[in-house]
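Q: What follows is a predicted structure for the sequence shown.
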Amino acid sequence: MATKAYCKKYRKLKQIFESTYQKPVSDIFWYRLTAQLKEYLKFSVENSNAELIVKSIANLKKSHRNFRINNESFSECWTLFQHYYQQNKHLTCAEFLADLAQRLDLSQVSRTSRYNWFTNAGIPYRHEKKYPTSDLALVAFQAAKCLNSREMKRLDKAIQTIDVLVEK
């Protein structure tokens, strides 16, 4: 049975999510979201960083309509997001992309795609302008999500090709 303090914090987290997401959400949506957070991120309502996690997820859901926590590639993207979010540095966009290239294979990514990551994260790309890594974390999440999506498309295409060959 939930305590009064737990229920109060649970409702407060929902309000924080709604204010960051800038839309009201239903109780069932909130229940399912917290259940997914608990399953995939070991989330706890009583945890001291629960508000930070809820704000981060709300920002991700706001910037990506089809954002799913229960996606297989989510944990990779989230790990990369957390890596940059927890740093307390300022990097230029060029330095950030150089650092990101050490963590992800950016060789097959066009310049336009890289600029789109920044745009989708709400950060204008300026080669020499410094941004806090906490802001650039969303760009890293965008990059990881994009690269995982490309890999899944390649895999699906390969499976379709194999299926055609098998049917012949």
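A: Sure thing, it's come through. Numbers count the residues shown, from 1 in each chain.
Q: CA only for contacts and neighbour counts going forward, please
A: OK.
Q: For burial, what's the neighbour tally of residue 42?
A: Using other C-alpha atoms under 10 Å, residue 42 has 9 other residues around it.
Q: what's next to stretch 94-102, contact-wise?
A: 127-128, 136, 140 (C-alpha atoms under 8 Å, 6 or more residues apart in numbering).
Q: What's the PyMOL syntax to select whichever of the residues you listed are buried?
A: The PyMOL command for the buried members of these (criterion: 16 or more other C-alpha atoms under 10 Å) is given here:
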select buried, resi 136+140
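Q: how about TSV for the contacts of stretch 94-102, with distance to residue 75, secondary structure and pLDDT added?
A: Formatted as TSV, the contacts of stretch 94-102 follow (distance: C-alpha to C-alpha, whole Å; DSSP: H, G, I helix; E, B strand; the rest coil; pLDDT from 0 to 100):
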residue	distance to residue 75	secondary structure	pLDDT
127	29	coil	81
128	31	coil	84
136	18	helix	89
140	13	helix	89
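Q: Can I get the contacts of stretch 94-102 in CSV including distance to residue 8?
A: Formatted as CSV, these follow (distance: C-alpha to C-alpha, whole Å):
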residue, distance to residue 8
127, 45
128, 45
136, 32
140, 33
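Q: where along the chain do the helices fall?
A: For the chain, the helices defined by DSSP state H cover 4-21, 27-41, 50-63, 74-85, 93-103, 111-120, 133-167.
Q: hmm, back to that, between the contacts of stretch 94-102, which is closest to residue 12?
A: Distances from residue 12 to the contacts of stretch 94-102, taken as C-alpha to C-alpha, are shortest for residue 136 (27.0 Å).
Q: Pull the contacting residues for the spatially closest residue to the closest one that is not a sequence neighbour.
A: Spatial nearest neighbour of residue 136, excluding adjacent residues (C-alpha to C-alpha, 6 or more residues apart in numbering): residue 84 at 6.9 Å. Contact analysis of residue 84 by C-alpha under 8 Å, 6+ apart lists 133-134, 136-137, 140.
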